[in-house]
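*Asks:* Sharing a model that was predicted from the sequence below.
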Amino acid sequence: MKTRPLGRTGLKTGIFSLGTMTFGTQTSETDAHRQLDMAVEAGINLIDTAELYPVNPILAETCGDSEVIIGNWLEKSGRRGEVLIATKVAGGGAKAVRNGAPISPATITEAVEASLKRLKTDVIDLYQLHWPNRGSYHFRQNWGFNPASQNKTKALDDISAALHTLDTLVRTGKIRHIGLSNESAWGTAQFLRIAEAEGLPRVATIQNEYSLLCRHYDLDLAELSHHEDVGLLAFSPLAVGILTGKYSGDVTPEGSRRSINPLLSGRLTPQSLRATDEYTALAQAHGIDPVHMALAFCTSRPFMAAAIVGATTSAQLAHLLKGADIVLSDEVLAGIQEIYSRTPMPM
């Protein structure tokens, strides 16, 4: 599998990362361990999780179970030296974790200690802030996003406090590098500015949503990535399954995420279904599996560190992995651009 730099850390990641947010609910521990083995054997070396996982649904009694499953696999397989482990601290609004407390020095420190224990490891390779305290435009919040409600002094104080705490954790050997998630260009720039001015850890990655149906990152964040060497870890590169085409005709397959979350957190719209039909037709016209085309588009982007592929079953993961080496032709890329120009924000 091709690799990309993980920011300026000196580490490299495969162009696919394994997402684990279904481990413990939709995916059993047995199948999760099978997926982890498959992923490593295919060249994936970055495993992404979070203290909040699993999802679908998010429950206080299951939060952390995905990390436990990974930790059990690390202990059982002896493959800790072959993988990079990335996890996240949850923030305000996540009622299932610390009753929704915002990210702070205390919550970061508590969360790291708990994640290390569940993961059965001495160090976390990439520690990410799941979302900023000040709020964000992600998860369809862009339609009503209002930064005028933010307090700049409070936002900068939160960033500085987080960086100083993360610096302590790096110095004590509990984490190696840091990343952000669900962030903006302004927020990321402030992390970089403060880190440089105060000699604190530098952000290596941003984990934001990116797919053929969600391309916010193409603008300001792409520019930031280019100039600052902060790569994107793209979550939902298949738009939580919409781009597989399985919901075409507005159907709800049994056992699918839609059967649990009918609107797929606002992603499933008439526009996203129509755009998916067009992308599917384009892929089929060129003899490409639509899933592989969607993933290959993501990994073709110059700002991409890795596309996070997640699967409910090992059979689904096996199918995803078959597209790891596909390179899209100029003709296909032109076709994608033509569809995008007609439907730039379908969800």
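*Replies:* Here it is on my side, so go on.

*Asks:* Mind jotting down where the helices sit in the stretch 201-347 of the chain?
*Replies:* 220-228, 270-285, 290-300, 314-321, 330-342 (DSSP state H, counting those that start in this stretch).

*Asks:* check contacts around Tyr285.
*Replies:* Let me fix one detail, which is that residue 285 is Ala and not Tyr. Gly335 (Cβ atoms under 8 Å, 6 or more residues apart in numbering). For the C-beta atoms, the positions are set from N, CA and C on the backbone; glycine is no exception.

*Asks:* I misspoke; the intended subject was Gln141.
*Replies:* Gly135.

*Asks:* Number of residues surrounding Ile58?
*Replies:* 17 (other Cβ atoms under 10 Å).

*Asks:* now swap in Glu198 and tell me
*Replies:* 11.

*Asks:* separation between it and Ser184?
*Replies:* For Glu198, the distance to Ser184 equals 21 Å [Cβ to Cβ, to the nearest Å].

*Asks:* now swap in Ser256 and tell me
*Replies:* Taking Cβ to Cβ, one finds Ser256 at 31 Å from Ser184.

*Asks:* Between these two, point out the one with more neighbours.
*Replies:* Between Ser256 and Ser184, counted using other Cβ under 10 Å, the more crowded position is Ser184 (23 against 18).

*Asks:* Setting aside sequence neighbours, what's the nearest residue to Gly93?
*Replies:* Leaving out its chain neighbours, the residue that sits closest to Gly93 by Cβ to Cβ, 6 or more residues apart in numbering is Gly100, at 5.4 Å.

*Asks:* Now do the contacts for that neighbour.
*Replies:* By Cβ under 8 Å, 6+ apart, Gly100 lies in contact with 92-94.

*Asks:* how about 10 Å then?
*Replies:* 90-94 (Cβ atoms under 10 Å, 6 or more residues apart in numbering).

*Asks:* next one: Ala307
*Replies:* Ala307 neighbours (Cβ under 10 Å, 6+ apart): 14-17, 19, 210-211, 232-238, 294-299, 301, 320, 324.

*Asks:* Repeat that for Leu320.
*Replies:* 16, 18, 38-39, 42, 237-238, 244, 289, 291-292, 295, 307, 309-311.

*Asks:* Give me the subset of those lying in strands.
*Replies:* Using DSSP state E, the subset of those located in strands is 16, 18, 307, 309.

*Asks:* Give me the pLDDT for the last one.
*Replies:* Spelled out, that is Val309. At Val309, the pLDDT value in this model is 98.

*Asks:* Please apply the same query to the second one.
*Replies:* Here, the pLDDT recorded for Leu18 equals 98.

*Asks:* That one: how many residues sit nearby?
*Replies:* Leu18 has 30 nearby residues by other Cβ under 10 Å.

*Asks:* residue contacts, the closest residue to it other than its chain neighbours?
*Replies:* Counting by Cβ to Cβ, 6+ apart, Ala39 is the residue found nearest to Leu18 once chain neighbours are left out, at 4.3 Å. For Ala39, the contact set (Cβ under 10 Å, 6+ apart) comprises 1, 14, 16-20, 45-47, 83, 309, 311, 314, 317, 320-321.

*Asks:* ok, now His138?
*Replies:* 131-132, 145, 181-184, 208-209, 214, 216, 235.

*Asks:* now the residue nearest to the spatial centre of the chain, nearest residue through space, not along the chain?
*Replies:* For the chain, Phe235 is the residue whose C-alpha lies nearest the centre (Cα atoms, centre = their mean; 3.4 Å). Leaving aside its chain neighbours, Phe235 sits nearest to Ile308 (4.9 Å; criterion: Cβ to Cβ, 6+ apart).

*Asks:* so the one you found bridges to which residues?
*Replies:* Ser17 (DSSP bridges).

*Asks:* From Glu228, how far off is it?
*Replies:* 21 Å.

*Asks:* So between the two, which is more surrounded?
*Replies:* Ile308 (25 against 16).

*Asks:* That one contacts Ala50, correct?
*Replies:* No - if you go by Cβ atoms under 10 Å, Ile308 and Ala50 don't touch, sitting 11.4 Å apart.

*Asks:* joint contacts of these two?
*Replies:* 19-21, 86, 207.

*Asks:* Tell me which residues of stretch 29-42 come out buried.
*Replies:* Within stretch 29-42, the residues that count as buried by 16 or more other Cβ atoms under 10 Å are 31-36, 38-40, 42.
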